[in-house]
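>>> Task: produce atomic coordinates for the following.
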Amino acid sequence: GLKNTVKSKIDSMLQNKIIRDSHSPFSAAIVMVNKKDGEMRMCIDYRQFNKITIKDRYPLPRIDDTVDALYGLKYFSTLDLLSGYWQIEKEESDKYKTAFICEFVQYEFNRMPFGLTNAPSTFQRAMNNILKDLLFKFALVYL
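Residues are numbered from 1 along each chain as shown. Below you'll find the model as predicted:
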């Protein structure tokens with residue numbers, strides 16, 4: 001059931017060092033969401049934390065700019081990064097802010113979780129920096 005799904009996801013994240021045990025004064029709740037394919041996605045409800053977070057205004061690409069950049073081109077390919085946000089390590093000083101509770105055990109993220117208000121901007125900035133010499137020549141980053 002649902003409990004086993006959550007436990008499996010937590011165990012996997014612990015094993016892959018995505019999360020670790022925590023003793024944070026912060027704690028968000030887990031929310032399970034149905035995906036289109038019928039699987040369950042484990043989300044953390046960071047709404048309260050996001051309300052007090054200073055917003056990162058790094059721009060996300062606009063769809064019309066992206067389409068304009070592709071106009072007239074002949075060949076395309078796409079990449080979908082597996083758990084892309086988890087490729088970004090959290091600063092040690094910020095990890096406690098990502099804490100969540102699961103059956104009376106508290107964890108926090110070593111990697112950037114989904115659901116934080118600044119996650120899209122942080123990921124966009126990272127990908128733009130990685131691909132900076134290729135942007136708008138051979139590569140576009142679109143979340």
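
>>> drop to CA atoms for contacts and neighbour counts, all remaining ones
OK.

>>> where in this structure is pLDDT low?
Confidence mapping of the chain against pLDDT under 70 gives zero matching residues.

>>> Where do the strands of it begin and end?
Under the criterion DSSP state E, strands of the chain are mapped to 19-21, 29-34, 40-45, 100-102, 105-109.

>>> so which of these comes closest to residue 78?
Residue 78 sits nearest to strand 40-45 of all the strands of the chain, at 23.2 Å, using C-alpha to C-alpha.

>>> who's sitting farthest from the centroid in the chain?
residue 72 (32.5 Å; C-alpha atoms, centre = their mean).

>>> Regarding that one, what are the backbone dihedral angles?
phi 80, psi -10 (degrees, to the nearest 10).

>>> Can you check which helix is longest in the chain?
With secondary structure taken from DSSP state H, the chain has its longest helix at helix 2-15.

>>> now that helix and strand 105-109, what's the angle there?
50 degrees (axes from the mean of the first three to the mean of the last three C-alpha atoms, to 10 degrees).

>>> now helix 2-15 against strand 40-45, angle please.
Put simply, helix 2-15 runs at 70 degrees to strand 40-45, going by the same axes, to 10 degrees.
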